[in-house]
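>>> What follows is a predicted protein model with its sequence.
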Amino acid sequence: MADGHNINWREICDKDIKKQKSNKNIKRDLDVIEICLNERKLESVCNFKQYPNLKYLWLSNNRLRHIDCLGFNFRITELHLQYNFLKDITGALSHLTQIEVLMLQGNQLTNLEKVIKEFRRMQNLQILNMFDNPLAQEKDYRHYTIYHIPSVAILDRKEVQSKERSVAKKVYDQKNEMVRETIAFLRRSQGPPDLYYRRNHDLKLTTAVSPTQFFQMQRPTTGELETAFNSRVQTKALWTYNYLDWSQIPSPHERRINRELQVEPEVLSVAFK
């Protein structure tokens, strides 16, 4: 049996592709849109640059450890790389902006953030499989993937639910979530309330007074209507609402990406007149 290092894999691929072209009565390389090389025990493959219109490529169930054959194939929409020995795909797929289906399950991919970064330009990616990879065991793998690939509709053979998208957005898009929380009654507010500290004169508001004293406090100091109205507005009761600001607390997943945020929530107060 021949040593794998001495086998001319390019020759094997070219021969197989030539046979497929003959079976489909294809004469020109420009007319090739589909190539199937799965289950060939391939350790390497030829460069597909002579097939610029290639859309569907099957390379599954081989022994590939790296992918460096797609540099000129910008029109691929469906790529099957499942069940190989891939450990890293950095720089190999990022240019495939038209891809819709990507099968990567059953490989040895480990760095989730690094792999997801490779997909950042794939705005048409709808079906993605990455199960049976070490990275699929990372905490919150599914939410992290859903958030960073918003176009994906089916992840690991399971349809992405709207509830999953909402959770992913709250976990990994906290800055914009804080902005959304400042919107009330269909109108943008001026942002989070300022901190309020009770002063000594505020404590006097809680002192019990008789009805006569209360009336004297409320009575205008002038007979002019406009001045009396302004005086009444300025003497309205003051209410204070205290709450914990949980928005500054880092989630476990944010700690994983080394964000430096406060650990303890702050107590905020809002004063109402």
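Done, it's in.
>>> Can you tell me the element the nearest residue to residue 85 once chain neighbours are set aside falls in?
With C-beta to C-beta, 6 or more residues apart in numbering as the criterion, residue 85 has its nearest non-adjacent residue at 4.8 Å, and that residue is residue 65. Placement of C-beta: from N, CA and C, glycine included. Here residue 65 sits in a region with no helix or strand, counting by DSSP states H and E.
>>> Tell me which residues touch residue 145, please.
Applying C-beta atoms under 8 Å, 6 or more residues apart in numbering, one finds that residue 145 lies in contact with 112, 116, 128, 130, 152, 155.
>>> Please give me every residue in contact with the fourth one.
Taking C-beta under 8 Å, 6+ apart, we find residue 130 in contact with 104, 105, 109, 115, 136, 145, 155, 156.
>>> Does residue 45 touch residue 65 like I think?
No - at 11.4 Å, residue 45 and residue 65 do not qualify as touching, with contact defined as C-beta atoms under 8 Å.
>>> Pick out whichever of these two has more residues nearby.
Remark: of residue 45 and residue 65, residue 45 carries more neighbours, 22 against 14, as counted by other C-beta atoms under 10 Å.
>>> what's near enough to touch that one?
Residue 45 makes contact with 9, 10, 13, 37, 59, 62, 64, 69, according to C-beta under 8 Å, 6+ apart.
>>> that's a helix at residue 87, yeah?
No - under DSSP: H, G, I helix; E, B strand; the rest coil, residue 87 sits outside any helix and is assigned coil.
>>> so it touches residue 111, yeah?
No - Residue 87 lies out of contact with residue 111 (C-beta under 8 Å); the separation is 9.4 Å.
>>> Residue 131: neighbour count?
16.
>>> and it, which of the three is it?
Classification of residue 131 into helix, strand or coil gives coil, according to three-state DSSP.
>>> For residue 12, give me its contacts.
Here residue 12 is in contact with 40, 42 (criterion: C-beta under 8 Å, 6+ apart).
>>> Can you report phi and psi for the spatially closest residue to residue 159 that is not a sequence neighbour?
Excluding the flanking residues, the one nearest residue 159 by C-beta to C-beta, 6+ apart is residue 153, at 6.7 Å. Backbone torsions of residue 153, given as degrees, to the nearest 10, read phi -110, psi -30.
>>> Isn't residue 153 up against residue 126?
Yes - counting by C-beta under 8 Å, residue 153 touches residue 126, with 4.7 Å between them.
>>> Looking at those two, which one has more neighbours?
Of the pair residue 153 and residue 126, residue 126 is the one with more neighbours under other C-beta under 10 Å, namely 16 against 11.
>>> can you tell me how far the more buried one sits from residue 72?
Counting by C-beta to C-beta, to the nearest Å, the separation of residue 126 from residue 72 is 24 Å.
>>> number of nearby residues for the residue lying closest to residue 108 once chain neighbours are set aside?
The shortest distance from residue 108 to any non-neighbouring residue, by C-beta to C-beta, 6+ apart, is to residue 87 (4.7 Å). The local packing of residue 87 (other C-beta under 10 Å) involves 14 other residues.
>>> Now do the contacts for residue 87.
When contacts are counted by C-beta under 8 Å, 6+ apart, residue 87 touches 65, 66, 107, 108, 109, 110.
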